[in-house]
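**Student:** Here's a sequence, model it:
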Amino acid sequence: MRTQSDNGMADFVKYNRKKLGLTQAALAQKAGLGLRFIRDLEQGKLSLRLDKVNQVLALFGHQASPVTTRKLDPYEILWNNMNKTVRVTLKDKTVLYGIILEAINENVEIKAWKFVPNNNAIAWQKSQDPKLETIINHTDIINIENV
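**Tutor:** Down below sits the predicted model:
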């Protein structure tokens, strides 16, 4: 059974269609597709042809493409990013700049990171005050890179 949160593509198409003031029939005509396809797309049908989906998305200036996702290896972060200035992108799209100070372990697994944001870095270097540090859960991070 599909839930509202499962319908990202359907919601995106419906929102953009309505924003442009188009009916489903008008969108189908502009995209060169059948009305049935547009209805299926907006209802979140799971098996649709990607080329046809992209015909619709092109009208909004977008396209669907495969995205590779890989799990962020905490030990890769530990080896490559400790005590370096990094850009951290979180799942909620927040981007943080700062320094990773250390890993926070639970048993033997890295669960979180002690982090000092750039705006606190100079004060932290002088005082090493824990109040200037932030804890970032490892599962909240989608990307991290040296800057």
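
**Student:** okay, CA-based contacts and neighbour counts for the rest of this
**Tutor:** Fine.

**Student:** And the strands in this protein?
**Tutor:** According to DSSP state E, the chain carries its strands in the segments 85-90, 95-106, 109-117, 134-137, 141-146.

**Student:** So for the fourth one, mean pLDDT?
**Tutor:** Throughout strand 134-137, pLDDT has a mean value of 94.

**Student:** What is it packed up against?
**Tutor:** strand 109-117 (3 or more CA pairs under 8 Å, 6 or more residues apart in numbering; DSSP states H and E).

**Student:** Return the set of buried residues in the strand it packs on.
**Tutor:** For strand 109-117, a neighbour-count test (16 or more other CA atoms under 10 Å) marks 110, 112, 113, 114, 115, 116, 117 as buried.

**Student:** Skipping its backbone neighbours, what lies nearest the third one in space?
**Tutor:** Translated: residue 113. In this structure, residue 113 finds its nearest non-sequential neighbour in residue 103, 4.7 Å apart by CA to CA, 6 or more residues apart in numbering.

**Student:** same deal with the fifth one?
**Tutor:** If the residues on either side of it in the chain are set aside, residue 115 comes closest to residue 100, at 4.5 Å by CA to CA, 6+ apart.

**Student:** got it, and the fourth one?
**Tutor:** Excluding the flanking residues, the one nearest residue 114 by CA to CA, 6+ apart is residue 135, at 4.8 Å.

**Student:** OK, contacts around that neighbour?
**Tutor:** By CA atoms under 8 Å, 6 or more residues apart in numbering, the contact list for residue 135 reads 112, 113, 114, 115.

**Student:** of those, closest to residue 22?
**Tutor:** Distance to residue 22 across the contacts of residue 135 (CA to CA) is lowest for residue 112, with 46.7 Å.

**Student:** Let me know how buried the closest residue to that closest one other than its chain neighbours is, in neighbour terms.
**Tutor:** Distances taken as CA to CA, 6+ apart put residue 137 closest to residue 112, at 4.1 Å, once the chain neighbours are dropped. Using other CA atoms under 10 Å, residue 137 is surrounded by 14 other residues.
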